[in-house]
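Student: Take a look and give me a structure for this.
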Amino acid sequence: MNMGRNKLRILTGILAGHCKLRAHLTNIGLEQTKTCRFCGEEDETSIHILTNCGGLVSHRLKNLGQPQIKESELPSLNPGAILKFLRDSGLEEVL
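Tutor: Here you go, the predicted model:
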């Protein structure tokens, strides 16, 4: 992969679930709520963000080609497209 250290850190964090999303921050005692900031319906986990968050449908469609993604399809996603999705949704700055 030809990407800088920061992009690789962001990509690794979102794929591993160890990043500044609310569910992880709540688990380590740095946040009060796990609820997703985009949809308010489920826990804000990396799986939720990448696969089925209702608040990010248009960003997923634009950058990943589908409004929803099956968890089993995550390993086949293009790393650059994931980074574009995170940037477009405003999450790159948070992570």
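Student: Got phi/psi on residue 35?
Tutor: Phi and psi for residue 35, reported as degrees, to the nearest 10, are phi -60, psi 140.
Student: buried stuff in the helix or strand of the chain with the lowest mean pLDDT?
Tutor: In the chain, no helix or strand scores lower on mean pLDDT, DSSP states H and E than helix 91-94, which sits at a mean of 88. Going by neighbour count (16 or more other CB atoms under 10 Å), the buried part of helix 91-94 is 91-92. Quick note: C-beta positions are derived from backbone N, CA and C, even for glycine.
Student: Format the CA atom coordinates belonging to that helix as CSV.
Tutor: Only the C-alpha atoms of helix 91-94 are listed here, as CSV (Å, rounded to 0.1, in the frame of the first residue of the first chain):
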residue,chain,number,x,y,z
LEU,A,91,-14.8,11.1,10.2
GLU,A,92,-11.2,11.3,9.0
GLU,A,93,-10.7,14.4,11.1
VAL,A,94,-12.3,12.7,14.2
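Student: Any regions of this structure where pLDDT drops low?
Tutor: 1 (pLDDT under 70).
Student: ranges for the helices of it?
Tutor: Ranges of helices in the chain, per DSSP state H, are 5-16, 22-27, 46-51, 57-64, 79-89, 91-94.
Student: Tell me which of these is the most buried.
Tutor: Among those, judged by mean count of other CB atoms under 10 Å, the one packed with the most neighbours on average is helix 46-51 (a mean of 21).
Student: Chain neighbours aside, what residue packs nearest to residue 7?
Tutor: The shortest distance from residue 7 to any non-neighbouring residue, by CB to CB, 6 or more residues apart in numbering, is to residue 83 (5.8 Å).
Student: Could you report the neighbour count for residue 70?
Tutor: Close neighbours of residue 70, defined as other CB atoms under 10 Å, add up to 9.
Student: quick one, what contacts it?
Tutor: When contacts are counted by CB atoms under 8 Å, 6 or more residues apart in numbering, residue 70 touches residue 51.
Student: No further queries at this time; thank you.
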